[in-house]
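> Fold the following.
(one chain, ligands or ions: 1)
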Amino acid sequence: MPEILPSRFLFGPGPSNCYPEVTAALAHPVIGHLDPVFIERLDNTCEGLRTVWGTKNARTLPLSATGSGGMEAAFVNTVADGDVAVIAVNGLFGERMCEVARRCGATVVRVDHDWGSPIDVERVLAAHPHPKVIGAVHAETSTGVLSDIAPLGQNKGDALLIVDAVTSLGGLEVLADEWGIDIGYSCTQKCLGVPPGLSPFTVSDKAFERRIENPRSWYLDIGLLGGYAGAAGGSTRTYHHTAPVSMITGLQAGLNRILAEGLAAVQARHRAAGAALQAGLVEMGLELFAAEGHRLPSLTSVKVPDGVDSAAVRRYLLENFSIEIGSGSGSFASSVWRIGMMGPNANPASVTLVLGALKEAVAAA
Ligand code: PLP
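Below you'll find the model as predicted:
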């Protein structure tokens, strides 16, 4: 007998639940990665990604890697020894960007912010007169903060703008071309409602022209990946690696689901769920962590009330309601909870469920 595994309400910062169309697509028979049927699927997936990224970039593809792999690909293709990377740090993922850029040889100029605050665009732009790249996280999952990317793009000068849209793509507005994003990366497991495993990735022509020739990573070399995803134009595909056909089939289903509902409607659903959750938490007497006016709808950070055992509440939710919420990040591990409303979970029923269950858990723990 196959083991019956538990299903969960995934309201943490990690994977969200998947759209049902995605779950169905994941069960499709595996086909060859060079099968014309699969090539068509890949093309359709890249097209869907262009729409959610708000870009016409030919080089827009599902990288065979998680979000962190997208981050590595962004830096390994754009910085080499001594290149200056200005990086806005307002949480864990900005910190990770610094480490990745450093390992690629960059001279990193960190622009630190208090955790919970948005990026201060002026400070980031003033940090160095002519960086090769500027890195910023659009939606900081570690703190639940949304930052403004457009002014960075408008004033970046000759620099390439690298943006992490891991907790925004597919659920919040991302306009790569309009905002001046040169390389954007994301993940599949959050607002796109697809399991973890791929990194939606987009590269502007300017970034492609200014890329590092023979970067230290062969696998993530954007010069080689274009042929794999058909981004080099024409119908000729060059073998690069065996495409994760099932995951791409799942991503295609997720994108088609979102586009059938309408991207604007999906974004409105995420905004409404985030706002309702935040209002409900405040009504319960809880204090939100992220700065007012900069709160991420897809991921809410809330302070654990004094005297309440954060881990006991999370355990109660899991054991009694099969609900997962997240702990805080870094030094806020036990003083903050993080609650996601992403993908199919961004709806009023999820808000009611999580608020009711949390109220009971706090009283019981
Ligand atoms: N960037 C942000 C903002 C994230 O939230 C995450 C993961 O949660 C990552 C990068 C890394 O993505 P992954 O865990 O898929 O490698």
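> And the pLDDT for the residue in the stretch 251-365 of the chain positioned nearest to the ligand?
Ranking the residues of the stretch 251-365 of the chain by distance to the ligand (CB to the nearest ligand atom) places Leu299 first, at 8.1 Å. (C-beta placed from N, C-alpha, C; glycine too.) Confidence per residue is given as pLDDT, and for Leu299 that number is 98.
> now do Gly233
On the pLDDT scale, Gly233 is placed at 58.
> for the residue in the stretch 51-200 of the chain that the ligand sits nearest to, what are its contacts?
Nearest residue of the stretch 51-200 of the chain to the ligand: Gly67, at 2.5 Å (CB to the nearest ligand atom). Under the criterion of CB atoms under 8 Å, 6 or more residues apart in numbering, the contact partners of Gly67 comprise 164, 166, 185-187, 199.
> Equivalent analysis for Met247, please.
With contacts taken as CB under 8 Å, 6+ apart, Met247 has the following neighbours: 62, 64, 188, 194-195, 197-198.
> cool, and Asn57?
By CB under 8 Å, 6+ apart, the residues touching Asn57 are 50, 176-177, 202-205.
> sec struct for the residue positioned nearest the centre of the chain, please.
Centroid-nearest residue in the chain: Val166, 0.8 Å away (criterion: CA atoms, centre = their mean). Reducing the assignment at Val166 to three states with DSSP: H, G, I helix; E, B strand; the rest coil gives coil.
> Tell me if I'm right that it and Thr188 touch.
No: the pair Val166 and Thr188 fails to qualify as a contact (CB atoms under 8 Å) at a distance of 9.8 Å.
> Need the overlap of contacts for these two.
Jointly contacting Val166 and Thr188 under the rule CB under 8 Å, 6+ apart is no residue at all.
> Which positions in the stretch 1-150 of the chain make contact with the ligand?
66-68, 71, 93, 137, 141 (CB under 6 Å from any ligand atom).
> how about 8 Å then?
Counting by CB under 8 Å from any ligand atom, the positions of the stretch 1-150 of the chain adjacent to the ligand are 13-14, 65-71, 91-93, 96, 137, 139-142.
> what's the answer for the stretch 151-300 of the chain, then?
For the stretch 151-300 of the chain, the contact set with the ligand under CB under 8 Å from any ligand atom comprises 164, 166-167, 185, 187, 189-190, 196, 199.
> Could you work out the most separated pair of the residues you listed?
Asp164 and Pro196 (15.4 Å; CB to CB).
> neighbour-wise, which of these two wins?
Taking other CB atoms under 10 Å, Asp164 and Pro196 do not tie; Asp164 has more neighbours (29 against 14).
> distance of the more buried one from Asn155?
Distance check for Asp164 against Asn155: by CB to CB, to the nearest Å, it reads 19 Å.
> swap in Glu40?
Glu40 is 41 Å from Asn155, where distance means CB to CB.
> Would you map the helices across the stretch 1-150 of the chain?
20-26, 36-53, 67-76, 92-103, 121-126, 150-154 (DSSP state H, counting those that start in this stretch).
> Repeat that for the stretch 251-365 of the chain.
For the stretch 251-365 of the chain, the helices defined by DSSP H, counting those that start in this stretch cover 263-283, 310-321, 348-364.
> which regions of the stretch 1-150 of the chain sit below the pLDDT cut-off?
The stretch 1-150 of the chain contains residues with pLDDT under 70 at 1-2, 4.
> thinking again about what came up before, winner for burial among the helices of the stretch 1-150 of the chain?
For those, ranked by mean neighbour count under the definition mean count of other CB atoms under 10 Å, the leader is helix 67-76 at a mean of 25.
> Distance from the chain centre to that helix, please.
12 Å (CA atoms, centre = their mean, to the nearest Å).
> Now do it against helix 92-103, angle only.
40 degrees (axes from the mean of the first three to the mean of the last three CA atoms, to 10 degrees).
> Could you export helix 67-76 as CSV, CA atoms only?
C-alpha atoms of helix 67-76 as CSV (Å, rounded to 0.1, in the frame of the first residue of the first chain):
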residue,chain,number,x,y,z
GLY,A,67,15.6,30.8,-6.3
SER,A,68,19.2,30.7,-4.9
GLY,A,69,20.4,29.2,-8.2
GLY,A,70,18.8,32.2,-9.9
MET,A,71,20.7,34.5,-7.6
GLU,A,72,24.0,32.7,-8.4
ALA,A,73,23.3,32.9,-12.1
ALA,A,74,22.6,36.6,-11.9
PHE,A,75,26.0,37.4,-10.2
VAL,A,76,28.2,34.8,-11.8
